[in-house]
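Trainee: I would like the atomic coordinates for the input below:
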Amino acid sequence: MSQESKPGSGHAPFGAFAPSLPLRLIGAATRALPESEFCRRVAVTLRPLGMMGGGAIVDTEILGSRMRIDLSDNVCEKRALFTPQFFDTAELRALADAATEDFAFVDLGANVGLYSLAVARAVGPSARILAVEPQPDIFRRLSFNLHVNGLTEVQAVRCAVSDHGEETVMFVDRDNKGASSIVDSGVDRRPRVVVPCRTLDTLLDDAGIHRPDAIKLDIEGAEGRVLTQFFGAADEDRWPRMLIVETHRNKTCIKLCLARGYRLAQKTRRNTILRLPR
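Mentor: Predicted coordinates:
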């Protein structure tokens, strides 16, 4: 696990960035909201009030894990901080229900680690978890969050995943780094950064994982590239038992999975959960 420890915060220990009074008050209000579309909108409306008069960086606890959150440029972190009770609840429940000893989970597009932290909590130290994130800034935040929770069972890997193993260009969304992508729209004017890239099968080989129990793919449009290459290169006994695929822009990818024998288990607000029946 990487020991990098800062998201633009030096090497300050956890707890150095206490939430401001507005953030504590608004955060308490938004975290108490029941899950509904109306309450989601209320929470989004209240977020700017909670961010007034305080710094962008906050040390807090989210879903049972210590996390250092940067509110300046990542919607995922804002969602996790203000409404953790809404954060992909069905997906995290499906992973927890499937968790067994030695559960192997691959988190593609790990962002700051919400999924990896949740699986580590559900399984314990016997888990094998790969948290894969290409963006240098976000990777530092991910690494810090893993470090302060002492999660030696999680291996953080800084790379993109695609259908080739060469370096690739990532288009960085400065306002929402979670929306950054290696997919070129053809008219993309976002800042670019060159990142290392791997295929899923080589990533698993290097980690010593023959067959993952579950893979989450949230890689902003590159999901189809990854799975097309993987299904072509890997024997069926290596295909994961569960896939969680971001639904947006991925209808073709989901059809690919269904054609390979996966069955639709659940569609959520953001993702599609698929399982192999065998």
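
Trainee: Contacts only, for the residue nearest to residue 274 when sequence neighbours are not counted.
Mentor: In space, and not counting its chain neighbours, residue 274 is closest to residue 262: 4.1 Å by Cβ to Cβ, 6 or more residues apart in numbering. From N, CA and C alone the C-beta is placed, and that goes for glycine too. By Cβ atoms under 8 Å, 6 or more residues apart in numbering, the contact list for residue 262 reads 243, 274, 275, 276.

Trainee: ok, of the residues you listed, which one's closest to residue 158?
Mentor: Closest approach to residue 158 among those (Cβ to Cβ): residue 243, at 22.8 Å.

Trainee: which SSE is that closest one in?
Mentor: strand 242-246 (DSSP states H and E).

Trainee: Could you list the paired strands of that strand along with their orientation?
Mentor: Applying DSSP bridges, strand 242-246 is found paired with strand 214-217 (parallel), strand 271-275 (antiparallel).

Trainee: Quick check: mean pLDDT of the helix or strand immediately after the first one in the chain?
Mentor: Stepping forward along the backbone from strand 214-217, the first helix or strand reached (DSSP H and E) is helix 223-233. For helix 223-233, the mean per-residue pLDDT is 96.

Trainee: now do stretch 268-275
Mentor: pLDDT averaged over stretch 268-275 gives 96.

Trainee: hey, C-alpha coordinates of it in CSV?
Mentor: Extracted C-alpha coordinates of stretch 268-275, given in CSV (Å, rounded to 0.1, in the frame of the first residue of the first chain):
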residue,chain,number,x,y,z
THR,A,268,-29.5,1.5,-9.2
ARG,A,269,-29.5,5.2,-9.7
ARG,A,270,-25.9,5.2,-10.9
ASN,A,271,-24.9,1.6,-11.6
THR,A,272,-25.8,-1.8,-12.9
ILE,A,273,-25.1,-4.9,-10.8
LEU,A,274,-24.5,-8.1,-12.8
ARG,A,275,-23.7,-11.6,-11.6
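
Trainee: Show residues contacting that stretch.
Mentor: Contacts for stretch 268-275 (Cβ under 8 Å, 6+ apart): 88, 90-91, 94, 218, 241-248, 250, 254, 257-258, 262-267.

Trainee: Just the buried residues of those.
Mentor: 88, 90-91, 94, 218, 241-246, 250, 254, 257, 262 (16 or more other Cβ atoms under 10 Å).

Trainee: Let's see the distance spanning stretch 108-128 from one end to the other.
Mentor: 14 Å (Cα to Cα, to the nearest Å).

Trainee: Please apply the same query to stretch 124-139.
Mentor: End-to-end distance (Cα to Cα), stretch 124-139: 22 Å.

Trainee: now it, how far from the chain's geometric center?
Mentor: 9 Å (Cα atoms, centre = their mean, to the nearest Å).

Trainee: Average pLDDT for it, rounded please.
Mentor: Here the average pLDDT along stretch 124-139 is 95.

Trainee: What of stretch 93-103?
Mentor: 94.

Trainee: what's the spacing between it and its chain's center?
Mentor: 17 Å.

Trainee: now do stretch 83-93
Mentor: That offset, for stretch 83-93, works out to 12 Å (Cα atoms, centre = their mean).

Trainee: before we move on, what about stretch 253-263?
Mentor: Using Cα atoms, centre = their mean, the offset of stretch 253-263 from its chain centre is 22 Å.

Trainee: Many thanks, have a good one.
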